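Enquirer: this one's structure only:
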């Protein structure tokens, strides 16, 4: 009798577990961020720059850790790689993407290593509309060609779902994140050369560049 | 018979309650219409710098459609403009004043792109539509024999927008239109829900779009056979 009950319980457990897993999946929002970023209207700096996008950055995945929040799983890596590549290609005369910081003399003028410092979300449970708000915080580490640190720039960006009538949570979250990435691109283009340490480094290169120009017959 | 009369009266009163009241204020710098030569365009953009609200992109599209209706005024879509000038007109980087715009126009890159696209006027729209009051409730139930909803709910909406026209040739303000629209919507459920929705934002768009159209002298882009309104 006990054996039969155990077998019945075992038969029931599998579909119940499957149902529970299905329900849990149905409640969470899974998004692979996908957006298009326009070309930046900016003057290209005459610099050779290495953009170091390591595996942690290019495969960045965000998951909500707070149990009181709506569960969200967001693959941000590919889209932020697309944005940074686009913006750096517009900002500098030559921009090369690297997987890691090269040792010794790189033959580059600058090396930039962006890292995701923090991602914060406000979900529809908090906004009470199908509207997400996304905050991104990057640490942009800047090195000279020989690998000497120049600046550590903490840059934040914000985005929000703009259309309130999107069909799904995933669409609303994607729109908010793309908008935050667009804001990050704007901060990079407008703010990069204004960071005091970078500005000083650029100013220190100015006489060198003038000298090089004068040397050209 | 009495029930039918009562029903009709209720329905009529509900439908009349759905009406929207709209008030529009307008300020013009001069009585002459704004010149728009062939090849010149207008851009309508929403303000999105404040944290608590953002001017809705679909409202901006609606104004663009009203303004450009009948090919009278050439309007460049907001997103196309934003992409062409990225990152200078993003929510947190766009110029909030004409003084700042003037400074931006001193940058040859921006001035040149404005010239290439023939952007003559920039219309900034600031405001939003919000639900101000909600009352009542609807409950729905399903039973083996069928299901249905019962109850009554109502809500009020308020649209408040201001449009400011900047002339990018003269770098000055040419006029303002302010619209305030209010309306109540109802949802009556006796078995099936019957909505009576007030088009508050739609009325605000219609009002502001019509006034903005009147600002522009359209003779230059209009075929000679048409008469000016």
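Expert: Received it, and whenever you're ready, just let me know what you need. The structure displayed is predicted, hence computed values, not measured ones. Numbers count the residues shown, from 1 in each chain, chains lettered A, B, ... in the order given.

Enquirer: list the contacts for residue B:209?
Expert: Contact partners of residue B:209, counting by Cβ atoms under 8 Å, 6 or more residues apart in numbering or on different chains, are B:62-63, B:65-67, B:69. Just so you know, the C-beta spots here come from the backbone N, C-alpha and C atoms, and that holds for glycine as well.

Enquirer: In strands only, show me those.
Expert: With strands taken from DSSP state E, there is no overlap with these.

Enquirer: can you give me the helices in chain A?
Expert: Under the criterion DSSP state H, chain A contains helices at A:2-27, A:55-58, A:77-91, A:124-127, A:169-191, A:196-215.

Enquirer: Compare the mean pLDDT across those and name the weakest.
Expert: Of all the helices of chain A, helix A:2-27 carries the lowest average pLDDT, namely a mean of 54.

Enquirer: what does chain B put close to chain A?
Expert: Counting by Cβ under 8 Å from any Cβ of the partner chain, chain B comes close to chain A at B:48, B:54, B:56-58, B:82-88, B:90-93, B:109-110, B:113.

Enquirer: residues in contact with residue A:92?
Expert: Contact partners of residue A:92, counting by Cβ under 8 Å, 6+ apart, are A:44-45, A:47-49, A:110.

Enquirer: beta partners for it?
Expert: Beta-bridge pairing for residue A:92 (DSSP bridges): residue A:45.

Enquirer: Residue A:108 and chain B, how far apart?
Expert: Distance of residue A:108 to chain B, given as Cβ to the nearest Cβ, to the nearest Å: 25 Å.

Enquirer: Could you check the pLDDT of that residue?
Expert: 94.

Enquirer: Residue A:138 is in contact with residue A:155, correct?
Expert: Yes - here residue A:155 reaches residue A:138: they are 4.9 Å apart, a contact under Cβ atoms under 8 Å.

Enquirer: If you count surrounding residues, which of the two has more?
Expert: Between residue A:155 and residue A:138, residue A:138 has the larger neighbour count (other Cβ atoms under 10 Å in any protein chain shown), namely 21 against 18.

Enquirer: By proximity to chain B, which residue of chain A wins?
Expert: residue A:186 (3.2 Å; Cβ to the nearest Cβ).

Enquirer: Looks like that residue contacts residue B:85 (just checking).
Expert: No - between residue A:186 and residue B:85 no contact is recorded; they are 10.8 Å apart, counting by Cβ under 8 Å.

Enquirer: residue contacts, the closest residue in space to residue A:44 that isn't next to it in sequence?
Expert: Nearest non-adjacent residue to residue A:44, counting by Cβ to Cβ, 6 or more residues apart in numbering or on different chains: residue A:93, 5.0 Å away. Contacts for residue A:93 were tallied using Cβ under 8 Å, 6+ apart; they are A:44-48.

Enquirer: quick one: which of the contacts of residue B:209 is nearest to chain A?
Expert: Closest approach to chain A among those (Cβ to the nearest Cβ): residue B:62, at 13.1 Å.

Enquirer: list the contacts for the nearest residue to the closest one once chain neighbours are set aside?
Expert: The shortest distance from residue B:62 to any non-neighbouring residue, by Cβ to Cβ, 6+ apart, is to residue B:205 (4.0 Å). Contacts for residue B:205 (Cβ under 8 Å, 6+ apart) come out as B:59, B:62-63, B:66.

Enquirer: For chain A, what's the nearest residue on chain B?
Expert: For chain B, Cβ to the nearest Cβ, closest residue to chain A: residue B:87, 3.2 Å.

Enquirer: where does that residue land in three-state SS?
Expert: At residue B:87 the chain is in coil, as set by DSSP: H, G, I helix; E, B strand; the rest coil.

Enquirer: now the residues of chain B next to chain A: which count as buried?
Expert: The neighbour-count test (16 or more other Cβ atoms under 10 Å in any protein chain shown) marks B:48, B:54, B:56, B:82-88, B:90-91, B:93, B:110, B:113 as buried among these.

Enquirer: So which of those residues sit within helices?
Expert: Using DSSP H, these in helices are B:82-84, B:110, B:113.

Enquirer: Farthest pair within those?
Expert: Largest separation among those by Cβ to Cβ: B:83 and B:110, giving 14.3 Å.

Enquirer: Report the beta-bridge partner residues of residue B:196.
Expert: Beta-bridge partners, per DSSP bridges, of residue B:196: residue B:186.

Enquirer: Could you check how far the residue nearest to residue A:44 is from residue A:86?
Expert: 15 Å (Cβ to Cβ, to the nearest Å).

Enquirer: can I get the contacts of residue A:93 in TSV with distance to residue B:75 and pLDDT?
Expert: Below are the contacts of residue A:93 laid out as TSV (distance: Cβ to Cβ, whole Å; pLDDT from 0 to 100):
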residue	distance to residue B:75	pLDDT
A:44	32	94
A:45	35	93
A:46	38	94
A:47	39	95
A:48	42	95
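
Enquirer: Sketch out the strands for chain B, chain order is fine.
Expert: Using DSSP E, strands in chain B cover B:20-28, B:34-35, B:41-46, B:75-76, B:119-143, B:146-167, B:172-196, B:216-217.

Enquirer: residues touching the residue nearest the centre of chain A, list them.
Expert: Nearest to the mean C-alpha position of chain A, counting by Cα atoms, centre = their mean, stands residue A:80 at 4.0 Å. Residue A:80 makes contact with A:33, A:57, A:60, A:114, A:116, A:181, A:184, according to Cβ under 8 Å, 6+ apart.

Enquirer: With residue B:129 instead?
Expert: Applying Cβ under 8 Å, 6+ apart, the residues contacting residue B:129 are B:56, B:59, B:157-160, B:200-201, B:204.

Enquirer: If we use 10 Å, what do you get?
Expert: A:164, B:53, B:55-56, B:59, B:157-161, B:181, B:200-202, B:204-205 (Cβ atoms under 10 Å, 6 or more residues apart in numbering or on different chains).

Enquirer: Neighbour-wise, which one of those leads?
Expert: Neighbour counts for those (other Cβ under 10 Å) peak at residue B:204, which has 28 neighbours.

Enquirer: so how far is residue B:180 from that residue?
Expert: Residue B:204 is 8 Å from residue B:180, by Cβ to Cβ.

Enquirer: Now the residue lying closest to residue A:105 once chain neighbours are set aside. Its backbone dihedrals?
Expert: Sequence neighbours aside, residue A:146 is the residue nearest to residue A:105 in space, at 5.6 Å (criterion: Cβ to Cβ, 6+ apart). Backbone torsions of residue A:146, given as degrees, to the nearest 10, read phi -90, psi 0.

Enquirer: shouldn't residue A:146 be in contact with residue A:106?
Expert: Yes - contact criterion Cβ atoms under 10 Å: residue A:146 and residue A:106 qualify, at 7.5 Å.

Enquirer: Between the two, which has more neighbouring residues?
Expert: Using other Cβ under 10 Å as the criterion, residue A:146 and residue A:106 rank with residue A:106 on top: 19 against 11.
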